[in-house]
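# Predicted structure and sequence below. I'll ask about it afterward.
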Amino acid sequence: MFLQIHTLTSYHAALLNRDDAGLAKRIPFGNAERMRVSSQCLKKHWRDDLHRSLDLPGGIRSRMFFEREVLRRVVEGGLDEATARKLVETLLKGVVQGGQDKKNPLRLNQPILFGKPEADYFVQLIMESAREGEDPVKILEQRLKSEKGNLRALLKSAGQNDLYAGIEGALFGRFVTSDILARSDAAVHVAHAFTVHPLTTEVDYFTVVDDLKEEHEDAGAAHAGDMELGAGLFYGYVVVDVPLLVSNLSGCDRKEWKTQPQETLEDARNVLARLIDAITTVSPGAKLGSTAPYARAACVLLETGSAQPRTLANAYLKAIRPTGDLMQQSVDALSQHLNAIDAMYGREEQRFLSAISSLDITAFKDVEFGPLKYMVGKAMNSLFGAN
């Protein structure tokens with residue numbers, strides 16, 4: 001069972017996502033180059049919003065997890081720093097084999113996502129090892145060796161829940177090469193958003209005035225610089241593998257997702273509703289202070305069903321040349337492409353549409369239409385049943 005989320009969002013002059021040269025990210029598609037926002041950028045901003053809105057344990061993606069999270073907490077727990085450092089380094093080497101930074105033994109050589117339950121368990125493991133004998137390092141090594149491959153069960157027996165890698169791990173997955181840490185597959189698949197029209201950017205030249213400069217001094221600026229700005233209407237696409245999401249949230253077999261306790265399904269329902277809210281209202285963006293890049297999706301199409309997901313990006317394979325209302329042109333192109341796909345393959349999804357009132361959405365066939373919150377509820381009912 002899948003949930004597909006299609007969005008059309010228009011941004012005024014902004015720099016939503018920069019490349020290594022400081023320019024707006026871009027990608028050739030169809031007959032034109034487009035402005036682009038990477039999926040990594042989108043997920044980072046959605047994760048931050050979900051941390052604020054969901055009462056579920058989050059995660060920490062960092063090279064300094066052991067140094068600044070685990071070490072800090074065990075020292076605050078009363079362990080002397082010298083012993084704590086030895087134990088934390090032993091833990092790092094046992095948990096992430098070959099992942100130790102060569103210059104700093106308490107850091108990883110690349111960022112890894114750890115969940116709050118894992119952090120709690122690692123702190124507990126170190127404190128227990130320190131209390132159990134005269135050689136806590138050896139005790140910790142033995143425990144890591146004996147508990148190899150069993151961390152998830154131990155987390156649960158220690159009172160931690162199944163969100164071992166935090167809500168981020170349940171949604172976006174975790175790739176890790178470790179005998180102890182569990183790898184989780186991403187339940188949420190995010191496409192790079194791109195403009196439905198050709199790239200349009202402009203270099204903004206700016207200066208800074210020195211407030212303390214006297215009138216008789218030179219009239220030049222204290223600083224001058226430039227940045228690329230672009231305005232655009234973006235198509236966004238997200239797919240959620242719902243059985244996998246329930247499995248990641250609860251630890252169940254994905255084939256048994258429908259038979260999970262009501263509170264587990266309610267958690268999944270709430271997570272999806274909050275995710276859709278983040279996708280439609282949270283803006284990616286750099287230069288917040290000088291561009292205020294905040295916008296909401298003007299058209300949102302939700303689809304639920306068990307058929308293989310498919311993007312509607314090809315609605316814009318031929319870049320739109322604005323000839324009036326660009327948003328209406330984009331909605332028309334989306335509905336035409338969707339109807340053409342249906343005519344070729346047939347239709348297996350249930351569809352729920354929400355759009356601002358100025359848009360004509362009558363070209364969409366057999367879709368339920370209404371305010372977004374109401375349509376999200378209808379889509380959730382189609383996935384989990386009415387609550």
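That came in fine, so what should we check first?
# Enumerate the residue intervals of the chain where per-residue confidence is below the cut-off.
Low-confidence segments of the chain (pLDDT under 70): 56-58, 147-165, 175-183.
# quick one: terminal-to-terminal distance for stretch 109-120?
Start-to-end span of stretch 109-120 (C-alpha to C-alpha, to the nearest Å) is 22 Å.
# Off-centre distance for that stretch?
Offset of stretch 109-120 from its chain centre (C-alpha atoms, centre = their mean, to the nearest Å): 16 Å.
# can you pull the buried residues of that stretch?
Within stretch 109-120, the residues scored as buried using 16 or more other C-beta atoms under 10 Å are I112, L113, F114, G115, K116, P117, E118, A119, D120. Backbone N, C-alpha and C define where each C-beta goes, glycine included.
# Count the neighbours of R73 for me.
R73: 19 surrounding residues under other C-beta atoms under 10 Å.
# In three-state terms, label the residue nearest to the spatial centre of the chain for me.
The C-alpha lying nearest the average C-alpha coordinate of the chain belongs to K43 (C-alpha atoms, centre = their mean; 2.3 Å). Following DSSP: H, G, I helix; E, B strand; the rest coil, K43 is assigned to helix.
# A307 now?
Going by three-state DSSP: A307 is coil.
# For it, which residues are in contact?
F2, E348, E349 (C-beta atoms under 8 Å, 6 or more residues apart in numbering).
# show me where this protein has strands.
2-14, 26-29, 32-37, 59-62, 112-115, 188-190, 193-195, 201-208, 223-241, 299-305, 350-355, 368-369 (DSSP state E).
# Nearest to P136 among these would be which one?
When these are compared by C-beta to C-beta, strand 112-115 sits nearest P136, at 21.8 Å.
# helices or strands next to the closest one in the packing?
The contact analysis (3 or more C-beta pairs under 8 Å, 6 or more residues apart in numbering; DSSP states H and E) places strand 112-115 against strand 59-62, helix 166-172.
# out of these, deepest packed?
Highest mean neighbour count of these: helix 166-172, a mean of 26 (counted as mean count of other C-beta atoms under 10 Å).
# List of residues touching that one?
By C-beta under 8 Å, 6+ apart, helix 166-172 touches 43, 47, 50-51, 54, 56-61, 113-117, 163, 174, 184, 186-188, 190, 245, 248-249, 271, 275.
# Could I get the contacting residues of P309?
Applying C-beta under 8 Å, 6+ apart, we find P309 in contact with F2, Q4, H189, V239.
# Out of the residues you listed, grab the one that's most surrounded.
Counting neighbours by other C-beta under 10 Å, Q4 leads those with 22 neighbours.
# ok, how many other residues are close to A386?
8.
# how close does it get to R269?
From A386 over to R269 the distance is 11 Å, taken as C-beta to C-beta, to the nearest Å.
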